[in-house]
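Participant: Structure for the following, please:
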Amino acid sequence: MNDLFLREKEYDFLRADRFIKENPICLLTLGGSYAYGTNVEGSDIDLRGVYLNSKQEILSMRCKNKPYTPSDSDSVIYPLKQIIGLLHNSNPNVIEILGTREEDIFIISEEGKLLKDNVEIFLGSDAVYNAFLGYSQNQLRRLKNAMARDSYTQSEKEEHMLESIQKRINTFELSYQHIDKDLKLYIDDSSREEYDKEIMIDINLNHYPLRDLKCMLNEMNEVVKQYGKLNHRNRKKDEPHLLKHSMHLVRLYLMGTDILTGKGIRTYREGDREFLLDIRNGKYTYEEIFEIANRLEGEFKYAKENSVLPKKVDEEKIAELVMEINNKILQK
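Facilitator: Modelled structure (predicted):
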């Protein structure tokens, strides 16, 4: 893809912005649908990238750790310090930046090439599985919540919400102290006038870390909050967004499975492009999409159990890479 669009006014920040002059970009690439190969007419052109922390920031240990987001363009450019942490956790929105095609890259410096060429050191099966499963289930939850709004009775909605919460609980073992049977969720008669049935919780804990419990309850509450946000949705208006969520749900499972099976980070979904566009264009019913997602989740879990990746990332290699990049900045 050529870079003619970068001459448009909204990308003037690349030439004249003081911030960019002080914090040079080491990697700038396409993001979003153009990077995945799932763009349609009217799709936004998103840019994603990495900028280097300055010499002064490195020496003073006061490195910027928030992304730069120019207001006039759909661009997100992460500082090196922040992106290292996000890559360490296999954040799907960030890890895909290092897997875009060569023809989709606009800027890549020596430091950016070091980051891109060494992406495998950030790939641990635990982190990849946890991150991609979490993002996939978030997309699935949005879809099921929307469907529930249209046809379920109140008690059926509680059952659906319980299923979503239980999926979130299944990921807790990767982040919190073991809880297993000490926490039980179930549906029972409600004492509230507005509910026939309601989700109930039983907890039996002794000497359990308070912070872990708080975080788990917050995660479960987040599912309930997201469910409520769709309470008054406009189906006709939201349909394109729901189909887009469906496509990303499938894409995340496919991409995560690729990584776990040693195929690398393949941001551009060449072999899956038509399939993904068919989902986006509404050629599958939501019931069919749920069946596809269920099958892909099974394949994703199998890939985790049989992954060729190391279980954990190599902390020492990551530290060595960061030092090498920062040394190059200091020597300039």
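
Participant: For residue 260, give its distance to residue 269.
Facilitator: To residue 269, residue 260 is 16 Å away according to C-beta to C-beta, to the nearest Å. C-beta coordinates here come from the backbone N, C-alpha and C atoms, glycine included.

Participant: between the two, which one's more packed in?
Facilitator: Ranked by neighbour count (other C-beta atoms under 10 Å), residue 260 and residue 269 place residue 260 first, with 24 against 21.

Participant: Distance-wise, check residue 265 relative to residue 165.
Facilitator: Going from residue 265 to residue 165 by C-beta to C-beta gives 31 Å.

Participant: any low-confidence regions in this protein?
Facilitator: For the chain, applying pLDDT under 70 flags the ranges 1-12, 16-17, 147-152, 174, 180, 228-237.

Participant: If we use 80, what do you get?
Facilitator: Low-confidence segments of the chain, defined by pLDDT under 80: 1-22, 70-74, 141-142, 144-157, 160, 170-171, 173-175, 177-181, 193-194, 226-238.

Participant: residue boundaries of the helices in the stretch 51-200 of the chain?
Facilitator: 55-60, 80-88, 92-95, 110-117, 125-151, 154-169 (DSSP state H, counting those that start in this stretch).

Participant: In the second one, which residues are buried?
Facilitator: Of the residues in helix 80-88, those scored as buried under the neighbour-count criterion (16 or more other C-beta atoms under 10 Å) are 80, 81, 82, 83, 84, 86, 87, 88.

Participant: what's the residue nearest the centre of the chain in contact with, if anything?
Facilitator: Per C-alpha atoms, centre = their mean, the C-alpha nearest to the average position across the chain is that of residue 92, at 3.9 Å. Residue 92 makes contacts with 131, 132, 135, 252, 255, 256, as judged by C-beta atoms under 8 Å, 6 or more residues apart in numbering.

Participant: So the nearest residue to residue 272 once chain neighbours are set aside versus residue 120, what's the distance?
Facilitator: For residue 272, ignoring the flanking residues on the chain, the nearest one in space by C-beta to C-beta, 6 or more residues apart in numbering is residue 254 at 5.7 Å. Computed with C-beta to C-beta, the distance linking residue 254 and residue 120 is 19 Å.

Participant: And for residue 163?
Facilitator: For residue 163 relative to residue 120 (C-beta to C-beta), the value is 36 Å.

Participant: Those two: which is more packed in?
Facilitator: Legend: neighbour count by other C-beta under 10 Å for residue 163 and residue 120, higher for residue 120 (16 against 12).

Participant: Which residues are in contact with the nearest residue to the more buried one once chain neighbours are set aside?
Facilitator: Closest residue to residue 120 apart from its sequence neighbours, by C-beta to C-beta, 6+ apart: residue 264 at 7.8 Å. Neighbour list for residue 264: 99, 120, 258 [criterion: C-beta under 8 Å, 6+ apart].

Participant: Closest one to residue 316 out of those, please.
Facilitator: Nearest to residue 316 among the contacts of residue 264 is residue 120, at 14.4 Å by C-beta to C-beta.

Participant: could the buried residues of helix 80-88 be laid out in a markdown table, adding distance to residue 202?
Facilitator: Listed next are the buried residues of helix 80-88 as a markdown table, based on distance: C-beta to C-beta, whole Å:
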| residue | distance to residue 202 |
| --- | --- |
| 80 | 46 |
| 81 | 43 |
| 82 | 40 |
| 83 | 42 |
| 84 | 41 |
| 86 | 36 |
| 87 | 39 |
| 88 | 36 |
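
Participant: Residue 175: which of those is nearest?
Facilitator: Out of the buried residues of helix 80-88, the member with the shortest distance to residue 175 (by C-beta to C-beta) is residue 88, at 14.3 Å.

Participant: The closest one contacts residue 318, doesn't it?
Facilitator: Yes - under the criterion of C-beta atoms under 8 Å, residue 88 makes contact with residue 318 at 6.7 Å.

Participant: Please enumerate the shared neighbours of the two.
Facilitator: Common neighbours of residue 88 and residue 318 (C-beta under 8 Å, 6+ apart) are residue 122.

Participant: Alright, I will stop here.
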